[in-house]
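1. here you go, sequence then predicted model.
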Amino acid sequence: MPNPPSQREQLRAAVSRQPSDFIAWVMLADAELGEGDVGAGEAAARRALQLHPEHPEALARLGRAHWMQGRYDEAATALQRACQLAPQHPGMALWLGHVLEDANQPEAAAEAYRRAHALAPGEAYMAAQRLNWQRRLCDWRDLDSLSRQVRSAVAQGNPAVEPFAFLSEDASAAEQLACARQRAQVLAQAIPQLPPSAVRQNGPLRVGFLSNGFGAHPTGLLTVALFEQLRAHPQLQIHLFALNRYDNSRIRQRLHDAAHTLHDVEGQPHSSIANRIREAGIDILFDLRGWGGGGTPEVLAMRPAPVQINWLAYPGTSGAPWIDHVLADDFVLPARLEPAFSENVLRLPRAFQPSDNTRVVEQPPSRSDCGLPEQGVVLCCFNNSYKLNPRSVDRLLQVLKGVPGSVLWLLSGPGKADERLREVARQQGVEPTRLVFMRKLPHPQYLARYRHADLFLDTHPYNAHTTASDALWAGCPVLTAPGETFAARVAGSLNHHLGLAQMNVADDRAFVATAIALGNDPMALQALRRKLAEARENTSLFDMRGFAQDLATLLQQLAREQGWQGADAV
């Protein structure tokens, strides 16, 4: 029997029969946008506005379409007008918050999220969005109560909480699994799968990677040298499916050259992307975004490939029935954490995280040009602002107090985040000017600045990931206190595989004591940096040729379990 028509198909038929049905056009706009067909969603919203000019529901859908197209100023205009016309509508305030984030109006976005939560205080999704954005702004008002509301919602089975944002809560791996699984179940019930497929029996193994980071983005920076090594492997074909638009970067060009095919699927409907993957005959598909922003779990939920793997960009379990495996290592995902993962765990004999070992660490501007004093220890933490929670900042400030003349070098955050952190320092008895902020820079310029940094101080419960790799490659040691979730163990994994176990400490007290001891002992810091330089050359962490060999071996073994006989099989 043929499948029943989808909701989108039913709505298309409804507006065809009755083109003056305003509600049907609004619902169709929702359905089209939900399927990722942004052009059709915009057209439906505009048709609704023709029927009812200035109607807030239609304006909101038009704003959402513009937002998905990257037309953020137009999106903000439409949604601000919708909110003026419907001031008691929490959903419109929420969408306005999303748009204002991307329109580079961070404080206004926070206000929109607070408004949405005030209008629907019992809605976990509103609380979670407000909490997530306040963390980014280092705005800690009501932080504990918001976090309790969000964790309680997860405990009660509410699927509204975004798994990526939940990684910043001080929750257990089991709670993270519950959050992700609840979110995945909603998609699994709503999205039909493609017909089953199987791994090919012979010929090169076609391995696909789906990401919105194929460019000058942390994912592109981490993977490009690995793909360059995999390119020549006779048993593999590498296919990259880019959800992000071409950014004219050197990294994007290298990725294009490294892949057998780079498929540009930016802006395409989910079903089109899934069909593109299926048509390419992908045997094993890596999800390099997961629940992170800009990803497309809907595509993976359609099961375009017979084997699907969670790796690298989402540091936790997908909780998803459409993901078969997670790629990890023995430190970042020890056996005791396996019950908190829905996937089968595949482990590499090295750190799970690759990196670009062709990068050159250039000479930076002078210390004074970087805003640093000419003398004194430079402690740094270039993690994103949402990782700088009260607990992490408290231990950073304790270290500053214990190392006279030192400064703390941070990545500048959105909105008034820097001002808020300086005020926290002042309240804790630290001169605010000892916090130095670096604006976001192109990667080579940012990487060079690690030459001025003496010690990288990590955050908890969401570690430095790409930033830890950057620091170590540039010769700056990383101090971390590994926790009991994947996201809290990434920096520890890098240290572990470098043979720098002494930089993985047990708790906050040991973290502060170790940092203060190193900060006050120039000889010990120099010895540590020499040890790091030797480890960088002599251990497996930055060996991308070896990484490619290990990954290829693992993939071929996985494929043989599915009946694949190899590229030379007849």
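-> Okay, I see it.

2. can you give me the neighbour number for the closest residue in space to Lys387 that isn't next to it in sequence?
-> Distances taken as C-beta to C-beta, 6 or more residues apart in numbering place Thr459 nearest to Lys387, at 4.2 Å, with adjacent residues excluded. Heads up, the C-betas are built off the backbone N, CA and C, glycines and all. Thr459 has 25 neighbouring residues, counting by other C-beta atoms under 10 Å.

3. quick check: Thr459 touching Ser385?
-> No: using C-beta atoms under 8 Å, Thr459 makes no contact with Ser385, being 10.2 Å away.

4. which parts of the stretch 251-400 of the chain are strands?
-> 261-264, 284-287, 307-310, 325-328, 344-347, 378-381 (DSSP state E, counting those that start in this stretch).

5. ok, the fourth one: who's next to it in the sheet?
-> Strand 325-328 has the following strand partners under DSSP bridges: strand 307-310 (parallel), strand 344-347 (parallel).

6. got a list of contacts for it?
-> Residues from elsewhere that reach strand 325-328, judged by C-beta atoms under 8 Å, 6 or more residues apart in numbering: 286, 307-312, 317-318, 333, 341, 343-348, 352, 486, 554, 558.

7. please repeat the previous calculation with a cut-off of 6 Å.
-> 309-311, 341, 343-347, 352 (C-beta atoms under 6 Å, 6 or more residues apart in numbering).

8. what about it, distance to the chain center?
-> Relative to the mean C-alpha coordinate of its chain, strand 325-328 is positioned 16 Å out (C-alpha atoms, centre = their mean, to the nearest Å).

9. could you export it as PDB, CA atoms only?
-> Extracted C-alpha coordinates of strand 325-328, given in PDB (Å, rounded to 0.1, in the frame of the first residue of the first chain):
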ATOM      1  CA  HIS A 325      28.000   3.900  17.000                       C
ATOM      2  CA  VAL A 326      29.900   6.600  18.700                       C
ATOM      3  CA  LEU A 327      33.600   7.100  18.100                       C
ATOM      4  CA  ALA A 328      35.700   7.700  21.200                       C
END
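
10. that strand - what's its average pLDDT?
-> For strand 325-328, the mean per-residue pLDDT is 98.

11. burial count for the spatially closest residue to Ala487 that is not a sequence neighbour?
-> Once flanking residues are discounted, Ala487 sits nearest to Pro315: 4.2 Å by C-beta to C-beta, 6+ apart. Neighbourhood size, Pro315 [other C-beta under 10 Å]: 25.

12. hmm, Pro315 is touching Thr485, no?
-> No: at 8.0 Å, Pro315 and Thr485 do not qualify as touching, with contact defined as C-beta atoms under 6 Å.

13. circling back to that earlier point, and the two most separated of the contacts of strand 325-328?
-> Maximum pairwise distance among these (C-beta to C-beta): 14.7 Å, between Asn344 and Phe352.

14. looking at these two, which one has more neighbours?
-> More crowded of Asn344 and Phe352, by other C-beta under 10 Å: Phe352, with 25 against 12.

15. and the residue lying closest to the more buried one once chain neighbours are set aside, backbone torsions?
-> Once flanking residues are discounted, Phe352 sits nearest to Asp329: 4.4 Å by C-beta to C-beta, 6+ apart. Backbone dihedrals for Asp329, given as degrees, to the nearest 10, come out at phi -140, psi 180.

16. dump the residue contacts of Asp329.
-> Neighbours of Asp329 in contact, by C-beta under 6 Å, 6+ apart: 347-348, 351-352, 493.

17. what's the weakest-modelled helix or strand in this structure?
-> helix 7-17 (a mean of 89; mean pLDDT, DSSP states H and E).

18. residues making contact with that helix?
-> 24-25, 27-28, 31, 35.

19. make JSON lines out of the contacts of Asp329 and add distance to Leu408 and pLDDT.
-> As requested, the contacts of Asp329 are exported to JSON lines (distance: C-beta to C-beta, whole Å; pLDDT from 0 to 100):
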{"residue": "Arg347", "distance to Leu408": "36", "pLDDT": "98"}
{"residue": "Leu348", "distance to Leu408": "34", "pLDDT": "98"}
{"residue": "Ala351", "distance to Leu408": "27", "pLDDT": "98"}
{"residue": "Phe352", "distance to Leu408": "29", "pLDDT": "98"}
{"residue": "Ser493", "distance to Leu408": "25", "pLDDT": "98"}
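
20. in PyMOL, select just the buried ones from these.
-> Selection of buried members from these for PyMOL, criterion 16 or more other C-beta atoms under 10 Å:
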select buried, resi 347+348+351+352+493
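
21. and the gap between Leu525 and Gln308?
-> 45 Å (C-beta to C-beta, to the nearest Å).

22. re earlier: just put the strands of the stretch 251-400 of the chain in TSV and tack on distance to Phe209.
-> Below are the strands of the stretch 251-400 of the chain laid out as TSV (distance: least, C-beta to C-beta, whole Å):
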stretch	distance to Phe209
strand 261-264	10
strand 284-287	5
strand 307-310	10
strand 325-328	12
strand 344-347	15
strand 378-381	30
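
23. residue boundaries of the strands in the stretch 101-250 of the chain?
-> Counting by DSSP E, counting those that start in this stretch, the stretch 101-250 of the chain has strands at residues 205-211, 236-242.

24. now the residue nearest the centre of the chain. Nearest residue, chain neighbours left out?
-> For the chain, the residue nearest the mean C-alpha position is Gly292 (4.3 Å; C-alpha atoms, centre = their mean). In space, and not counting its chain neighbours, Gly292 is closest to Phe164: 4.9 Å by C-beta to C-beta, 6+ apart.

25. got any ranges where this protein has weak pLDDT?
-> When residues are selected by pLDDT under 70, those of the chain lie in 1-3, 569-570.

26. tell me the domain ranges of it?
-> Segmentation of the chain into domains, based on automatic domain parsing, reads 7-120, 205-357+546-560, 368-539.

27. got TSV for those domains, with distance to Leu143 too?
-> Shown next, in TSV, are the domains of the chain (distance: least, C-beta to C-beta, whole Å):
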stretch	distance to Leu143
domain 7-120	13
domain 205-357+546-560	21
domain 368-539	7
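
28. looking at the ones you listed, which is closest to Ala171?
-> domain 368-539 (7.7 Å).

29. so how far does the closest one reach from one end to the other?
-> Domain 368-539 has an end-to-end distance of 35 Å (C-alpha to C-alpha, to the nearest Å).

30. just stretch 366-380 next, same as before
-> 16 Å.

31. got the contact list for that stretch?
-> Outside of stretch 366-380, the residues within contact range by C-beta under 6 Å, 6+ apart are 403, 405-409, 436, 452-457, 519.

32. pick out the most distant pair among those residues.
-> Using C-beta to C-beta, the two most remote members of the contacts of stretch 366-380 are Gly405 and Phe456, lying 18.5 Å apart.

33. before we move on, back to that, what about the residue nearest to Gly292, distance to Asn104?
-> Distance, Phe164 to Asn104, by C-beta to C-beta: 21 Å.

34. who's more crowded, the two?
-> Counted by other C-beta under 10 Å, Phe164 and Asn104 do not tie: Phe164 has more neighbours, with 22 against 12.

35. what sits against the closest residue to Gln556 other than its chain neighbours?
-> Closest residue to Gln556 apart from its sequence neighbours, by C-beta to C-beta, 6+ apart: Gln235 at 5.9 Å. Residues near Gln235 by C-beta under 6 Å, 6+ apart: 204-205, 556, 567.

36. most neighbours, which of those residues?
-> Leu205 (25 neighbours).

37. who is it paired with across the strands?
-> Bridge pairing for Leu205 (DSSP bridges) gives the partners Leu236.

38. pretty sure it sits against Ile238.
-> No: using C-beta under 6 Å, Leu205 is not in contact with Ile238, being 9.8 Å away.
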